[in-house]
Every structure is written in C-alpha cells, then in structure tokens.
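> model the following, please.
(one chain, ligands or ions: 1)
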Amino acid sequence: MASRRALQSFSHRFCWGRRNFGAVPEDSRAASCSQKLISLEYEYSAHNYHPVPIVFSQAKGSSVWDPEGNRYLDFLAAYSAVNQGHCHPKIMKALQEQTERFTLSSRAFYNDRFPIFAELLHSMFGYDMVLPMNTGAEGVETALKLARKWGYEKKQIPKDEAIIVSCCGCFHGRTLAVISMSCDNEATRGFGPLLPGHLKVDFGDTVALEKIFKEYGDRIAGFLFEPIQGEAGVVIPPDGYLKAVRDLCSKYNILMIADEVQSGLARTGKMLACDWEEVRPDVVVSTPSPPLKNSWEFSQLILGKALGGGVIPVSAVLTDKDVMLCVRPGEHGSTFGGNPLASAVAIASLNVIQDEQLAERSAQLGQELRRQLLKIQQQYPKYIKEIRGRGLFNAVELNSKNLFPVSAFDICLKLKERGILAKPTHDAIIRLTPPLTVSLDELQEGSKALQDVLKLDLPNMQKAKPEHVSPTSSNKCDRCGRNL
Ligand SMILES: Cc1ncc(COP(=O)(O)O)c(C=O)c1O
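You can find the predicted model right below:
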C-alpha cells in the first residue's frame, strides 16, 4: 500500500511541478520522468496499445512537449481527433465557459446547448436529425441499430434476419458489433462469438457489391463503409466508387451508411470525404428545412473524433426522419450523449472548422505535403512504395522487404528522435495526418525528418537489427481469407 501511495505521488513531485518548455531541465531527476511514467502505465494499465514512447505533457497547435520540455510536432493528431490543433483557444473558451455554468443534465431533461448543436449539424450537413453519442464506435453501433430498426419497420425485413454489409479492411471501432465486421485478426481472435448478420465485400469493388445486393438485397438493411479507409492505411477507392455506391444503395433500397469518424470534418480537404464525389445533399444553410431527397435515397452519416475538437468525446449519427424516427423513447441512448459540455465544445469545434476554412487549408497543405513526400520517394524508391492521400490524410507505404529487418515502427521511433510523432498502421504504412492548422514550415520539418531518417539512420538500423528476425509472415483474414 505504501509503495502504491509513493507511486501516485511520484508524477506530481517529479513531473507536474517541473515544466520547462523549450529548454533542457536542470534537474537530472526530471530527465527520467517520461521513462518512469511509461513504467507506471505499463504496471497499472492494460497492455492494449503499443505506443511510441513519448509522454505528452503539454500541447498547443501542432506542437507537443514531453515532461522534460522537449518539443515535438504531432503528425498523428490523435487519429484525426485534433483537426483544429491542440487546445484551440476558441474551443478551450467554450469548454471553460460551459464548465462554469453546468456540465450534465442527462437526456432525462433538456439542456440549453444540445438543441443548438443539433440545429447546427442539420444546417451544415442537411440531414433532418441527429442522434448524439460519445465515441466513434458508439456512433457506428447506433447507426447499425438504426439501420436494423429501419430495415424491419420500413423495408419489412423478416424478424431477426437483417444483414449489414461492410468492407474488407474496414475499421469502425472496438465494440462487439463493430469488431464482428473487422478483417483484423488481432481485433477478433479470442473475442467470439461474433455477431451474426454481416456480409463482407471488397472495398472499391462495385461489381461485387451489386452481386451481394442482388443476392441478399431483400434482407440487407445497410451498407457501412469508410469513404477513405483510414486504419487500413489511407486507402482511397477508385474514382466513381462513392457515386456508384449511392446508386446501388438507392436501386436496392439499402441504407448507405458513411462512417466519416476519421475522414470527416475537413481532414481530406473537403468537409466530408463523401463530398469528393458529391454524393451528399448540398450543404443547407437556410432553415426551416433542407430540400426533400428522393424517398429511396436514405443515408446515414457518422461523425466523431474532431467533432469534440480533441477535447471531449462527441459523436453523432445524422439521418432523415424516415430512418431516425424508427427509434422511439427508451429504445436507445447514452447518459452522456448530447450533454451540454460536449454540445458546447462541438459547436465551437464546428465553428472553428468553418471560420478557419480548415477544409480548404487541408486541401492546399495536403498537396504541398505530398509534393515533398513524392520528392523523397524519388530519392528512395527502394524504400517507399507509394505516397497517397487526400488533403492532410496521407500515407507513406514502405517497402517492408527492402527495409528488412527494419519495420515501420522502427522508422517512427527514429522520426520521434528527430522530433516528429507518427504511428504506423499495419506493418509497412506510416500515416501522416497532422492537425489541419499545421504551418508550411512544420510540414517541411516533418518531410525533412523522414528524409533524414532514410538517409542517415536507416543504414545503421539495418546493420544493427538482429539477423534472425524474419519479415512478417503473410497473414490471412479469418473472415474473408484475404491476405492482410
Ligand atoms: C472510421 C472510424 N470509425 C470509428 C472509429 C472508432 O472511434 P472511437 O475510437 O472514438 O471509438 C474509428 C477510430 O479510429 C475510425 O477510424
């Protein structure tokens, strides 16, 4: 017990009292602060992540400082939850003002922030209604439940036979329903039985999609997809895919469910990634109501992450009345969903995205980043297989065979030593997704660090790594049998 108390007081004594930004700490005890915090977490927290060993102690915009006062540039932006930059002053002000008034009513009562948030979402995205939740995974769960409910009530799918179709390589979160669609063996093995009522289709393949729709269409309630697959490694579908999905969903009377938790809110250079093919209704600014869509064009949009401005978890499912009103009081909800604090923060987060034209910024800066990265690829074609992305949603796909025995994770460790924070997805892909407020100079710093790692660090790393490490053996998806 005594040792636990000692550990609890450790971080206060050795870390929190010692911020010294931009300078090397004088006290040598502080130098081991990060390491000790990492050990504490390892000891007392589940080992369900494999983090890059950097401890965030303070952050502003694109910059992060560790407890020792070292500055880094954040090229992950909390998996796109920090599109507006860390601790944006307008979002922090909204947070502070709301915390001084009140923070939670629960939906057992009304509060004076959520209706304003709901109306703002309606006016920005043109859907009739919103169902607020907290995390992205909850948003997806909610969309799936709504789809099933709509399927039974409106499409007359026989009881308990509703099917959701999702894409190979998808990532929609970690709850049971959601992992039941996952192609990631690590996410599914040991967690069975998975939920029935799912079919898989290759992402980007409209022929396969129509085949499934034709065969099972009467029982399919919804098609859930990411317009750009994020966790799969920023996988962009072929041109025309989103339009074709829209047409097929309309033709077979199937809900088109776009998971824009990661790709939405200006990340890809448009407000929504679906906007790249204008498969969404036009943004409606005027009230009282958006233009009526054809009655068969039902769709759902899921937002999360940056909706909370990197401050508080906020997610939302947006859809029209025909779908939303299939859920009645008591049938779905969340104690914290639509809470006044989250609503106030989300209003500020959306306003910042609009006022600072972050979508346009993301489009322009993304082009510049890819230009810089393509130059590096030209210098190191042996190591970089592909540069791809939209806006500031970018990936560097490495050639793991030629890098061997060095992994993408090793490259990220070296990037960290050079002041850039990025995290690999799968074995060979590094996502570069800085806050959308990043400056041109900061982008340049990121590219330069990657160039330096390949030029200066990689030769030594390849010599230093043990010979007996073998490249990751090919891994097949348990669900669809495809190579991962
Ligand atoms: C497309 C997509 N959907 C859903 C989620 C889950 O969001 P959360 O981690 O907030 O539950 C993620 C998370 O990365 C995501 O990328």
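> OK, now which residue of this protein is nearest to the ligand?
Proximity of the chain to the ligand (CB to the nearest ligand atom) peaks at G136, 2.2 Å away. (Each C-beta comes from the backbone N, C-alpha and C, glycine too.)
> quick one: that residue and V261 touch, right?
Yes. Counting by CB atoms under 8 Å, V261 is a contact partner of G136 at 3.7 Å.
> ok, residues contacting stretch 352-369?
Contacts of stretch 352-369 from elsewhere in the structure, counted by CB atoms under 8 Å, 6 or more residues apart in numbering, are 83-84, 88, 90-91, 124, 265-271, 306, 309, 389-394, 432, 436-438, 440, 443, 446-447.
> can you name the residues of the stretch 201-350 of the chain that neighbour the ligand?
Residues of the stretch 201-350 of the chain that fall close to the ligand, judged by CB under 6 Å from any ligand atom: E226, G230, E231, D259, V261, Q262, G304.
> closest to G192 out of those residues?
Looking at these and their distance to G192, the nearest is E231, at 21.1 Å (CB to CB).
> excluding chain neighbours, what is closest to the closest one?
Once its chain neighbours are removed from consideration, E231 has its nearest residue in F171; the separation is 3.4 Å (CB to CB, 6 or more residues apart in numbering).
> confirm that that neighbour sits in a helix.
No. Counting by DSSP: H, G, I helix; E, B strand; the rest coil, F171 is not found in a helix; it is coil.
> so it touches E226, yeah?
Yes. Judged on CB under 8 Å, F171 makes contact with E226 at a distance of 7.3 Å.
> so C249 sits in a helix?
Yes. Secondary structure of C249, determined by three-state DSSP: located in a helix.
> name the residues contacting each of G136 and V261.
Here G136 and V261 have H172, G173, I302, G304, K305, S315 as joint contacts, going by CB under 8 Å, 6+ apart.
> burial check on the last one, number of neighbours?
Same thing as S315. 29 (other CB atoms under 10 Å).
> ditto for P196
9.
> okay, and it sits in which element?
For P196, there is no host helix or strand (DSSP states H and E).
> and it, how far is that from G169?
Taken as CB to CB, to the nearest Å, the spacing of P196 relative to G169 amounts to 21 Å.
> which residues touch the residue nearest to A306 when sequence neighbours are not counted?
Nearest-residue entry for A306: N83, 3.8 Å, with adjacent residues in sequence omitted and distances by CB to CB, 6+ apart. By CB under 8 Å, 6+ apart, N83 lies in contact with A77, L265, A266, R267, K305, A306, G310, I353, L358, S362, P435, L436.
> output stretch 252-259 in CSV with nothing but the alpha carbons.
Taking C-alpha atoms only, stretch 252-259 is exported to CSV below (Å, rounded to 0.1, in the frame of the first residue of the first chain):
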residue,chain,number,x,y,z
TYR,A,252,-31.8,-1.9,-53.9
ASN,A,253,-33.3,0.3,-51.2
ILE,A,254,-30.4,-0.1,-48.8
LEU,A,255,-29.2,2.5,-46.3
MET,A,256,-25.9,4.0,-47.3
ILE,A,257,-24.0,4.4,-44.1
ALA,A,258,-20.9,6.6,-44.4
ASP,A,259,-18.5,6.3,-41.4
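> contacting residues around that stretch?
Contacts for stretch 252-259 (CB under 8 Å, 6+ apart): 136, 139-140, 143-144, 147, 150-151, 155, 165, 170, 172, 213-214, 217, 220-227, 245-246, 248-249, 272-274, 279, 296, 298-302, 323.
> stretch 68-76 near the ligand at all?
No. For stretch 68-76 and the ligand, the contact criterion (CB under 6 Å from any ligand atom) is not met; the two come no nearer than 11.1 Å.
> ok, back up a step: most surrounded residue in the residues of the stretch 201-350 of the chain next to the ligand?
Within these, most neighbours by other CB under 10 Å means D259, with 30 neighbours.
> angles on the backbone of it, please.
phi -90, psi 100 (degrees, to the nearest 10).
> where does it land on pLDDT?
Predicted confidence (pLDDT) for D259: 96.
> tell me how far it lies from K455.
With the distance defined as CB to CB, D259 ends up 38 Å from K455.
> now do P89
38 Å.
> does the residue nearest to A306 count as helix, strand or coil?
Applying three-state DSSP to N83 yields a three-state assignment of coil.
> likewise for A143?
Each residue gets one of three states, and A143 gets helix by three-state DSSP.
> how close does it sit to A177?
Distance from A143 to A177, counting by CB to CB: 10 Å.
> who has more neighbours, the two?
When neighbours are counted by other CB under 10 Å, A143 comes out ahead of the other of A143 and A177, with 28 against 18.
> hang on, that one packs against S299?
No. A143 is beyond contact range of S299, at 10.3 Å (criterion: CB under 8 Å).
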